[in-house]
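S.K.: everything below, folded, please.
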Amino acid sequence: MSTYKVNLKVNNLNVSVDEGTTILDAARQLNFKIPTLCHHDDLCVAGNCRVCVVEQVGNRLLPAACATPVSEGMEVLTNSMKVRQARKNIIELLLSEHNADCTKCFKSGYCELQEMANEYRTGDHIFLDVRSKNEIDISSPSIEKDDSKCIRCQRCVRTCTELQAVSALAVTHKGKEMKISTFLDKPMNDVVCTNCGQCINRCPTASLVERNYIDQVFDAIYDPKKFVVVQTAPATRVAISEEFGLGPNRSTGKMVAALRRLGFDKVLDTDFTADLTIMEEGTELLTRLKEALVDGKEVALPMMTSCSPGWIKFQEHIFPDMLDNLSTCKSPQQMFGPLAKTYYAEKINKNPADMVVVSIMPCTAKKYEAERPEMRGSGYKDVDFVLTTRELGRMIHQAGIDFEKLEDEKYDSILGESTGAAVIFGATGGVMEAALRTAYEIVTGREVPFANLNIKPVRGMDGIKEAAVKIKDVKEEWSFLEGVELKIAIAHGLANAKELMNKIKSGEADYHFIEVMACPSGCIGGGGQPIPTNMEIRKKRAAAIYEEDEKMVLRKSHENPEVTEIYKSFLHKPLGHRSHDLLHTHYYPRKRY
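M.R.: Sure, this is the predicted structure:
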């Protein structure tokens with residue numbers, strides 16, 4: 001940022017800001033809120049919606065505050081009569097094209113256009129109603145697209161292009177025919193969409209929302225013939241509180257209590273299978289390294305994590321020639337499903353045909369993942385329904401549960417025990433850190449050489465992070481790793497993942513192990529997390545994740561006693577025959593168009 005200061009007045013108050021600052025940000029420094037619809041802190045400047053217009057004294061036209069940099073001596077009025085009338089007209093124009101079915105809309109109460117219309121008390125429509133009738137696209141198991149509610153702000157297009165480098169959505173046609181569409185206007189399920197849901201997180205209306213399975217889950221809960229178990233992902237426990245106005249914080253115990261009050265028969269934890277993932281994935285990495293370094297085999301390295309279904313689908317579309325580099329491990333969600341309907345069902349003497357497995361996930365792509373035909377390892381659909389953090393918040397509201405006043409409760413046993421290593425799966429770099437805590441100790445017999453197990457080089461919000469860990473004084477059976485410098489990389493957000501993959505393909509970068517999360521900041525920034533999202537919010541969620549880890553009694557996956565027990569009595573060993581059948585899979589190339 002420039003050190004040169006620009007002096008201006010906003011509503012007759014003096015302010016000094018850095019050169020290049022927009023009027024919008026200058027006004028924020030004086031605590032003036034200028035309304036926006038197309039603007040988002042995560043995205044490039046657009047200036048499409050014009051709701052943020054202000055009056056610049058001496059200028060006939062009203063500039064867009066989000067797209068206009070300040071200048072020396074500028075005088076700005078954010079709420080003059082001219083500005084107010086212009087904003088009202090712009091909002092009315094948007095409403096004239098908008099399907100304002102607010103009372104039945106899934107996003108009612110969370111819609112930015114609705115909030116703005118209420119603030120400006122728009123009354124009788126002064127423009128003709130020119131809304132178009134569109135069929136709602138529900139082809140995707142993750143995302144619902146309703147063009148009748150689109151205000152063409154293009155946040156979704158910029159998100160898909162800038163943050164995710166997917167470009168599944170684009171602006172098509174011109175003038176009054178202009179709309180946001182897919183390649184050849186195909187259904188969402190038939191294009192390169194990764195189901196990551198980042199477009200949903202930034203859509204100001206209900207034009208893009210997650211597919212809602214709340215009613216189906218309640219139907220299962222009310223069915224006396226069904227035994228309904230629920231699993232909760234790491235990132236949900238630090239974000240669910242936002243649905244009740246409490247900000248990001250550690251709410252694991254309250255969430256467990258709320259789920260019991262909703263009627264779930266057992267409340268279990270995806271963190272258990274996150275620990276299991278580390279055992280399987282860590283063993284797979286060490287096996288690949290042995291085959292490469294000792295046996296001289298051609299092995300697909302670097303090995304890449306496979307926890308993020310959005311990343312998997314991106315790889316299938318964009319880099320199908322590198323699918324062998326993916327770990328064969330299913331995600332923790334999809335490891336949980338088959339274990340619930342085999343190992344757990346046997347333990348509690350339940351018929352798996354009568355079991356319903358529900359996931360609470362920060363991720364819309366998990367809905368798609370659960371529908372993949374590969375995810376039937378138990379002989380049934382492994383995970384029956386996936387709900388986002390937002391959907392869980394809505395269920396708790398509907399049930400009249402006072403979340404803030406709930407006393408903390410613990411998960412049920414069997415598939416409910418976890419470690420701090422599993423909790424940090426929710427933040428970018430967390431899977432890598434968890435894997436290193438276990439793999440280093442297995443190979444050397446010592447804890448990782450970082451204070452209090454906190455591997456700081458893999459943490460943080462840099463889009464791509466690189467690190468190297470020197471392995472020395474190893475156990476005899478791992479002598480082939482003596483002196484090896486394990487090279488690792490972490491990427492979050494698919495644009496960063498694409499950049500990293502291109503470097504690997506070109507030979508510019510050389511690693512042994514890579515973690516990729518499809519969503520910015522990892523699962524804490526997932527497409528199913530509470531709205532709004534921005535870097536400040538995601539940093540607070542990450543801080544809560546690491547605090548939760550620090551408070552855990554056990555902080556290394558291989559120390560989880562329930563993981564030890566399941567290997568002893570059921571799986572027998574990592575990468576064993578039963579693990580292969582239930583916990584591992586393969587992925588397939590997909591067309592880009």
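
S.K.: please save the CA atoms from stretch 272-285 in CSV.
M.R.: The C-alpha coordinates for stretch 272-285 follow below in CSV (Å, rounded to 0.1, in the frame of the first residue of the first chain):
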residue,chain,number,x,y,z
PHE,A,272,-13.0,-39.7,14.3
THR,A,273,-12.7,-40.5,10.6
ALA,A,274,-10.4,-37.5,10.1
ASP,A,275,-8.0,-39.3,12.5
LEU,A,276,-8.6,-42.5,10.6
THR,A,277,-7.8,-40.7,7.4
ILE,A,278,-4.4,-39.7,8.7
MET,A,279,-3.6,-43.3,9.5
GLU,A,280,-4.6,-44.5,6.1
GLU,A,281,-3.2,-41.5,4.1
GLY,A,282,0.0,-41.4,6.1
THR,A,283,0.6,-45.1,5.5
GLU,A,284,-0.1,-44.6,1.8
LEU,A,285,2.4,-41.8,1.6
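
S.K.: which one is the residue most central in space within the chain nearest to, not counting chain neighbours?
M.R.: Among the residues of the chain, Gly526 comes closest to the average C-alpha position under C-alpha atoms, centre = their mean, at 1.2 Å. Across the structure, with C-beta to C-beta, 6 or more residues apart in numbering as the measure, the residue nearest Gly526 apart from its sequence neighbours is Pro362 (3.4 Å). From N, CA and C alone the C-beta is placed, and that goes for glycine too.

S.K.: tally of neighbours for the one you found?
M.R.: The number of residues packed near Pro362 is 30, by other C-beta atoms under 10 Å.

S.K.: break this protein into its domains for me.
M.R.: As given by automatic domain parsing, the domain ranges for the chain are 5-79, 94-210, 282-330+418-583.

S.K.: state the distance from the residue nearest to the centre of the chain to Gly416.
M.R.: In this structure, Gly526 and Gly416 are separated by 22 Å, where distance is defined by C-beta to C-beta, to the nearest Å.

S.K.: just to revisit the earlier point, same list, the domains of the chain, but as TSV with mean pLDDT please.
M.R.: Output for those, formatted as TSV (pLDDT from 0 to 100):
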stretch	mean pLDDT
domain 5-79	97
domain 94-210	92
domain 282-330+418-583	97
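
S.K.: tabulate those in TSV, adding columns for distance to Glu407.
M.R.: Rendered in TSV, the data for the domains of the chain read as follows (distance: least, C-beta to C-beta, whole Å):
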stretch	distance to Glu407
domain 5-79	36
domain 94-210	28
domain 282-330+418-583	17
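
S.K.: closest to Glu404 out of those domains?
M.R.: domain 282-330+418-583 (15.1 Å; C-beta to C-beta).

S.K.: end-to-end on the closest one?
M.R.: Between the start and the finish of domain 282-330+418-583 there is a gap of 14 Å, counting by C-alpha to C-alpha, to the nearest Å.

S.K.: for Ile240, what are phi and psi?
M.R.: Reported as degrees, to the nearest 10, the phi and psi values for Ile240 are phi -60, psi -30.

S.K.: again with Leu293
M.R.: The phi/psi pair for Leu293 (degrees, to the nearest 10) is phi -90, psi -30.

S.K.: quick one: residues contacting it.
M.R.: Taking C-beta atoms under 8 Å, 6 or more residues apart in numbering as the definition of contact, the neighbours of Leu293 are Phe480, Leu481, Val484.

S.K.: ok, and the most crowded of the residues you listed?
M.R.: The most crowded member of those is Leu481, carrying 20 neighbours; neighbours defined as other C-beta under 10 Å.

S.K.: ok, now how distant is it from Leu8?
M.R.: To Leu8, Leu481 is 60 Å away according to C-beta to C-beta.

S.K.: Gly247 too?
M.R.: Shown here: Gly247 relative to Leu8, a distance of 32 Å by C-beta to C-beta.

S.K.: those two: which is more packed in?
M.R.: In this comparison of Gly247 against Leu8, neighbours counted by other C-beta under 10 Å, the higher total goes to Leu8 at 20 against 13.

S.K.: helix, strand or coil for that one?
M.R.: Following DSSP: H, G, I helix; E, B strand; the rest coil, Leu8 is assigned to strand.

S.K.: and it, what are its bridge partners?
M.R.: Beta-bridge partners of Leu8, counted by DSSP bridges, are Val15.

S.K.: distance from stretch 526-534 to the middle of the chain?
M.R.: Centroid displacement of stretch 526-534 relative to its chain, using C-alpha atoms, centre = their mean, to the nearest Å, is 7 Å.

S.K.: and it, how far apart are its ends?
M.R.: From its first residue to its last, stretch 526-534 covers 11 Å (C-alpha to C-alpha).

S.K.: in that stretch, what's buried?
M.R.: By neighbour count, and taking 16 or more other C-beta atoms under 10 Å as the criterion, the buried residues in stretch 526-534 are Gly526, Gly527, Gly528, Gln529, Pro530, Ile531, Thr533.

S.K.: with stretch 586-593 instead?
M.R.: Of the residues in stretch 586-593, those with enough neighbours to count as buried (16+ other C-beta under 10 Å) are Tyr587.

S.K.: how long is it end to end?
M.R.: With C-alpha to C-alpha as the measure, the ends of stretch 586-593 fall 22 Å from one another.

S.K.: what do you get for stretch 371-390?
M.R.: End-to-end distance for stretch 371-390: 20 Å, by C-alpha to C-alpha.

S.K.: buried set for that stretch?
M.R.: 371-372, 375, 377-378, 380-390.
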